[in-house]
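Asks: Sequence and predicted structure, then a few things I'm wondering about:
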Amino acid sequence: MHPILFTIGSITIYSYGVMLALAVLVCTYLLSNDAKRYHISQETAYDLVFWCMVGGFIAARIFYVFLVWDYYKDNLLEILMLQKGGLAWQGGFLGGVLAGVWFARSKKLLLRPLLDLAAPYIALGQAIGRIGCFFNGCCYGKPVAWGIYYPTHGARLYPTQLFEFAGLFIIFLILKKAQQKGTVPWNTRGQSPSGFIFIFYLWLAAIERFIVEFYRGDAIPFWLGLSLAQYVALGVFITGLVLMMVFKISPRRS
């Protein structure tokens, strides 16, 4: 693993931080280019990304610290050291969505088109971030003979970070295809109601995380042999079902 890319004097450049920055830059660029399709200006797209990023990072860190509080309660200063890793997808997703809802209401924008616009890039940003996890050595898998050797753990482990990168990147491609067609696979009546692409993201991301969690070495059983992250994934999937029913009752198109 390579948690530190290089140092310049007293300045240390961490691979995790670099990948997070790359995720933000790439996703912002691509999202802003797609904004016109949803009748959203590039300036609005930039503002949307900024506030979702702020809300997502704060919530992701809070949720991660909560999960491993036994460590951070004795190392409070490390709570602020984001460059060393430690962001939870569940918290980041919730914080980003809440920030997006606030932004849409404050700018009097339709929320559902914004959700559909952002959905593929949420997955892409997560995928790029997982490469940072791989370099950092966090979010590691269980021991396995054919696995990748992790010096920080002194063992060969499932490269669950790369599993997630591959899964999330495939989700990104699937969502982009749905975005281009203007519909999702289960919709057979032409263009899908606005918001359905975001629902598709919820389902795919929840399934991906639920499966990968079985191979995670840092997953602690919470109840009935499943981890807390898996129960959150189930909650995300069910949320998608609820939203689909709500959106069908009140179908708004972008």
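Replies: Ah, there it is.
Asks: Give the partner strands of the longest strand seen in the chain in its sheet and their orientations.
Replies: Looking across the chain with DSSP state E, the single longest strand is strand 143-150. For strand 143-150, the pairing partners within the sheet under DSSP bridges are strand 155-157 (antiparallel).
Asks: State the mean pLDDT of the partner strand.
Replies: Averaging the model's pLDDT scores along strand 155-157 yields 93.
Asks: Let me know the next secondary structure element after that strand.
Replies: helix 160-181 (DSSP states H and E).
Asks: other SSEs contacting that following helix?
Replies: The elements that helix 160-181 packs onto, with contact taken as 3 or more C-beta pairs under 8 Å, 6 or more residues apart in numbering; DSSP states H and E, are helix 111-136, helix 196-212. For every residue, glycine as well, the C-beta is placed using N, CA and C.
Asks: Identify whichever of these lies nearest to residue 79.
Replies: Comparing those by their distance to residue 79 (C-beta to C-beta), the top pick is helix 111-136, with 16.5 Å.
Asks: Any regions of the protein where pLDDT drops low?
Replies: Residues of the chain that meet the criterion pLDDT under 70 lie in 1, 82-86, 187-190, 250-254.
Asks: tell me the angle the longest strand of the chain makes with helix 160-181.
Replies: An angle of 80 degrees separates the directions of strand 143-150 and helix 160-181 when computed by axes from the mean of the first three to the mean of the last three C-alpha atoms, to 10 degrees.
Asks: burial count for residue 28?
Replies: By the measure other C-beta atoms under 10 Å, the count of residues near residue 28 is 19.
Asks: Could you check how far it is from residue 114?
Replies: Note on residue 28: its distance to residue 114, by C-beta to C-beta, to the nearest Å, is 14 Å.
Asks: need the contact list for residue 94.
Replies: In this structure, residue 94 makes contact with 59, 63, judged by C-beta atoms under 8 Å, 6 or more residues apart in numbering.
Asks: Could you report the distance from it to residue 88?
Replies: When distances are taken as C-beta to C-beta, residue 94 and residue 88 turn out to be 10 Å apart.
Asks: Mutual contacts of those two, please.
Replies: Applying C-beta under 8 Å, 6+ apart, one finds that residue 94 and residue 88 are jointly contacted by residue 63.
Asks: I figured residue 139 hits residue 213, correct?
Replies: No - contact between residue 139 and residue 213 fails when scored by C-beta atoms under 8 Å: they sit 10.4 Å apart.
Asks: Show me which of the two is the more surrounded one.
Replies: The residue with the greater number of neighbours, taking residue 139 and residue 213 and applying other C-beta under 10 Å, is residue 139; the counts read 23 against 20.
Asks: How about the secondary structure of that one?
Replies: coil (DSSP: H, G, I helix; E, B strand; the rest coil).
Asks: Determine the number of other residues adjacent to the residue nearest to it when sequence neighbours are not counted.
Replies: Nearest non-adjacent residue to residue 139, counting by C-beta to C-beta, 6 or more residues apart in numbering: residue 133, 4.3 Å away. Here the number of neighbours of residue 133 (other C-beta under 10 Å) works out to 23.
Asks: Check residue 101 too.
Replies: Around residue 101 there are 15 other residues, counting by other C-beta under 10 Å.
Asks: Look up how far residue 243 lies from the closest residue to it other than its chain neighbours.
Replies: Nearest non-adjacent residue to residue 101, counting by C-beta to C-beta, 6+ apart: residue 111, 6.2 Å away. Summarising the geometry, the distance separating residue 111 from residue 243, computed by C-beta to C-beta, is 11 Å.
Asks: Common neighbours of those two, please.
Replies: residue 195.
Asks: what residues are up against residue 18?
Replies: By C-beta under 8 Å, 6+ apart, the contact list for residue 18 reads 5, 132.
Asks: no, scratch that, I was asking about residue 209
Replies: 89, 164, 229-230, 233.
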